[in-house]
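[1] Pasting the sequence and the predicted coordinates here, then a few questions.
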Amino acid sequence: MMANLFSSFDPSTSLNLSLNWISLLSSIFLIPLTYWFLPTRTNLIWTKINSNLHQEIKILLGNYNYSNTPMFISLFFIIMINNFLGLFPYIFTSTSHMALNLSLALPLWISFMVYGWFNNTIHMLAHLIPQGTPPGLMPFMVCIETISNMIRPGTLAIRLTANMIAGHLLMTLLGNTGSLMPMFLLKFLILVQIMLLILEAAVAIIQAYVFAVLSALYSSEVN
């Protein structure tokens, strides 16, 4: 039994080792090899996902900025692989920490803002006032749009962190009660844990997709 429910997300409590963040580098070893002449099934699945993401992000970015899609596709795969790695026992879940998620969201948002305000200043100013806003509400809309724009990297990071922590915390709570349950309830607990694991696998893909798509949407607004 853990002394603190959130200790499983604390890098300093895992066997007192400083290798927790090494899971970030493990995604490099999971990339399918393109050495073989005939593609494997894994390579075909990887290529299919890549092409589908390219088509979706291309629509969001427009016909003139679709060359930026590899950046958002790479972001999707990095987050998805690290989300999946956190589902394995004794592997540190790096995407459950704000330090990593903010380090992904904040540089993207800053680069979008710098590019937009330096190259498309009038376009960025027009975004502060939605079309059809009454003249009396324009000062308030400028404040609201400015605040909503500034909290975007925080919402991206918090959304990913909260979803990763919530599922893992629920599985930890149920797992700790297994030793106290009678045998006839233990089978039901195992079934619930398997269903939660499937749900967490879906959440790992969805949250990576949401992070990449929202980043692409924020990029499309500065052009």
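    The structure has been received and is ready for your questions. Numbers count the residues shown, from 1 in each chain.
[2] Beyond the lowest-mean-pLDDT helix or strand in the chain, next helix or strand please.
    With mean pLDDT, DSSP states H and E as the measure, the helix or strand of the chain carrying the lowest mean pLDDT is helix 26-29 (a mean of 70). Where DSSP states H and E defines the elements, the next helix or strand beyond helix 26-29 is helix 41-61.
[3] Please name every helix or strand in contact with that next one.
    Other helices and strands packing on helix 41-61, by 3 or more Cβ pairs under 8 Å, 6 or more residues apart in numbering; DSSP states H and E, are helix 69-85, helix 183-220. For every residue, glycine as well, the C-beta is placed using N, CA and C.
[4] Could you single out the most deeply buried of these?
    helix 69-85 (a mean of 20; mean count of other Cβ atoms under 10 Å).
[5] can you give me the angle that one makes with helix 183-220?
    On the basis of axes from the mean of the first three to the mean of the last three Cα atoms, to 10 degrees, helix 69-85 is oriented at 160 degrees to helix 183-220.
[6] Show me what helix 69-85 is packed up against.
    helix 26-29, helix 41-61, helix 98-119, helix 183-220.
[7] Just tell me which of those helices ends up closest to His127.
    Nearest of the helices and strands packed on helix 69-85 to His127, taken as Cβ to Cβ: helix 98-119 at 8.6 Å.
[8] Mind checking the pLDDT average for the closest one?
    Averaging pLDDT along helix 98-119 gives 89.
[9] Could you list every helix and strand that that helix packs against?
    Counting contacts by 3+ Cβ pairs under 8 Å, 6+ apart, helix 98-119 is packed against helix 69-85, helix 121-127, helix 152-176, helix 183-220.
[10] So which residues make contact with that helix?
    Outside of helix 98-119, the residues within contact range by Cβ atoms under 8 Å, 6 or more residues apart in numbering are 24, 75, 78-79, 82, 94-95, 123-124, 149, 152-154, 156-158, 160-161, 211, 215, 218-219, 221-223.
[11] coming back round to it: any chance of the helices and strands packed on helix 98-119 in TSV with distance to His54 as columns?
    Listed next are the helices and strands packed on helix 98-119 as TSV, based on distance: least, Cβ to Cβ, whole Å:
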stretch	distance to His54
helix 69-85	5
helix 121-127	25
helix 152-176	21
helix 183-220	11
